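In: Just a sequence and a predicted model for now, questions to come.
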Amino acid sequence: MQRQFIQVLGFWSLLSHAVVAQEGGAAGLREELDSLKSDYEKRIERLESRIRDIESQTEGPGNTGLSSKVMEKKAKEDREYAAALERENLADARERAAKMATNESFMADTEIRDLSRRAARESALSERIGDVLEGYLDISGYFRAGYGRSDEGGPQRAFGLPGFAKYRLGNETENYGELLFSKTFYPIGAFRGGNVSEDDPVARVLYRLSFVNPYEDYGSSADTDYATPEIWASLANVIPGIPGAKLWAGNRFYRRHDIHLNDFYFWDMSGGGGGIEDVPLGNGKLAFAWIGDGAQSAIYNQQFVSDPLNLAGFSKTNLDLRYYDWDFFGGEGEIGLVYASTNSGIDSNGMQTDDSDGVSLNLVRTDKAFLDQESLHKLSFQIGTGPAKTFNSGFETFSDETGSYIRADPSDSWRFRVTDQIVVKATDDISIGGALIYQYTDFAENLPDQQWISGGVRPIWHLTENFSIALEGGVDWASNTIGGEGGTLGKLTLAPQVSLGDEFFSRPSLRAFLTYAKWSEGLEGQVGGLDYADSTSGWTWGLQMESWW
């Protein structure tokens, strides 16, 4: 009976401490393990007290000496069993902690969604997933879905300058989702006997599935596009003398930086290739990657209308060198140098574009908690020439009445961009997100020079812990847009919402929205699609959910 009692307590203790690792790093792991050890010691002390009570009962009137010796032997066996159970559970806890800490070392930490996650906010979900999957597979994701209408009678249309990012609240016209599956592999016997070594080789494989279904084709599976934007693997601790360094190959989101308010990825070298990252150097880390992109497009020629069915192959190669996670004016710095070159094949008319190359320099400063744990500030400066001026692994594109085309960037074209964004909890009841962008582009002989200025803000009034009202306003101005002379567009959205929490990034969030937009006459026919071809303003409304984890 005593042994069964100890087994039951040991079983529940193992379940309650199945997940001991949090996102706090090594200090957090040590704290959890110390707490776990203290808890076990208290449990064993209570068990021994119970055994002593049983032993004292056997020494009362009517008990023989033989009975007392038998009970004493059994009590000793129970104590030894309890101690063995403690060692086994502590070893298991250390293994789980090491595995979760290793997984954390592979996690992305540059995108706003990554930075907004907090251990306390997701610990319950993480523990539940850990209990069910027992650390076998990690699953994360992003989803938004809903439906909207417009004052022109059709489905919701997006209001934004052609060719530029748009402010997203109440202005997203599609269902979209991502699921990321990742698995960590360890050498055989890596945790034998509870021993954990941070220097052992370890591998991580990731697969991301995405889908998009525009509201104009709502509910049509035939018009839902599926993609695999990421499938890649990484191996760590395989290079002697460089602990923590990781080799990778495949197709991945590569250290992307974005602005949440308008979903603008201002530095996005995602693509296929491989490289090495997290190489310790000074007080930061070094990474180098070879990343490419390929596409097909009609070859644009200003002398005649391009044939969208007469395609040629395009390729772009990028060499990306960057240094990151170093102290930079109280935050974390990341600086990168990219060399890019583009080439094209030949179409059926024998045409081929000129090869070109260029370089870009990118600097980002991120302060993840400059006021409190929920605040965020990210500032960036970028300058690039030729095909490197896109600040991504892909191509510059443009559109005319016949379709969209890749534009071969002349080597003497260039672009300068600066971005700034902030998220703060101004008071207990108000959180605010804001963004500013300035961009200047010299297209050389292809197009006139172009400027883009953008500013937006989203204050959220948290009326209760779960109910809030968001108001997002954004203004964009551009000169010489590809489809016309350029102009200004302003968008304003009111969105009452319920969320799981009272922070700016509290998710899941369910919201209703009402959006109004107005744009210059010079943009007439370029905003809102055919429904607004003859308009300079519009209304939309609808419902939406958004979540990530």
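Out: Nice, thanks for sending it over.

In: From here on, just use CA atoms for contacts and neighbour counts.
Out: OK.

In: how far out from the middle of the chain is the helix or strand containing residue 359?
Out: Using DSSP states H and E, residue 359 sits in strand 356-367. Centroid separation between strand 356-367 and its chain, computed with C-alpha atoms, centre = their mean, to the nearest Å, is 20 Å.

In: For it, output the C-alpha coordinates as CSV.
Out: Only the C-alpha atoms of strand 356-367 are listed here, as CSV (Å, rounded to 0.1, in the frame of the first residue of the first chain):
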residue,chain,number,x,y,z
SER,A,356,23.3,43.8,-63.5
ASP,A,357,24.7,43.8,-59.9
GLY,A,358,24.7,45.9,-56.8
VAL,A,359,25.3,46.1,-53.1
SER,A,360,23.2,47.2,-50.1
LEU,A,361,24.0,48.2,-46.5
ASN,A,362,21.4,47.7,-43.8
LEU,A,363,21.4,48.8,-40.2
VAL,A,364,18.7,48.0,-37.6
ARG,A,365,18.5,48.8,-33.9
THR,A,366,16.0,47.0,-31.9
ASP,A,367,15.1,47.7,-28.2
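
In: What's the end-to-end length of stretch 398-418?
Out: 22 Å (C-alpha to C-alpha, to the nearest Å).

In: So for that stretch, mean pLDDT?
Out: Regarding stretch 398-418, the rounded mean pLDDT is 81.

In: Relative to the lengthiest strand in the chain, what are the paired strands and their orientations?
Out: Counting residues, the longest strand in the chain under DSSP state E turns out to be strand 311-328. Here strand 311-328 has these sheet partners by DSSP bridges: strand 284-298 (antiparallel), strand 331-344 (antiparallel).

In: Lowest average confidence across the ones you listed, which one?
Out: Among the strands paired with strand 311-328, strand 284-298 scores lowest, at a mean of 91.

In: Pull out the buried positions in it.
Out: Across strand 284-298, burial judged by 16 or more other C-alpha atoms under 10 Å covers 284-294, 297-298.

In: how about TSV for those residues, with distance to residue 275 added?
Out: TSV is the format used below for those (distance: C-alpha to C-alpha, whole Å):
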residue	distance to residue 275
284	18
285	14
286	11
287	7
288	6
289	4
290	6
291	8
292	12
293	15
294	18
297	28
298	32
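
In: Of those, which is the nearest to residue 176?
Out: residue 293 (23.2 Å; C-alpha to C-alpha).

In: Tell me the bridge partners for the residue lying closest to the closest one once chain neighbours are set aside.
Out: Of all residues beyond its chain neighbours, the one nearest residue 293 is residue 316 (5.3 Å), with distances taken as C-alpha to C-alpha, 6 or more residues apart in numbering. With DSSP bridges applied, residue 316 shows beta-bridge pairing to residue 293, residue 342.

In: swap in residue 273?
Out: Note on residue 273: beta-bridge partners by DSSP bridges are residue 250, residue 291.

In: shaky segments in this structure?
Out: Residues of the chain meeting the criterion pLDDT under 70: 1-48, 50-75, 77-78, 80-100, 117-135, 191-198, 300-309, 399-403, 446, 482-483.

In: picking up where we left off before, ok, and what's touching the strand holding residue 359?
Out: Here strand 356-367 makes contact (C-alpha atoms under 8 Å, 6 or more residues apart in numbering) with 328, 330-343, 376-389, 391, 408-411.
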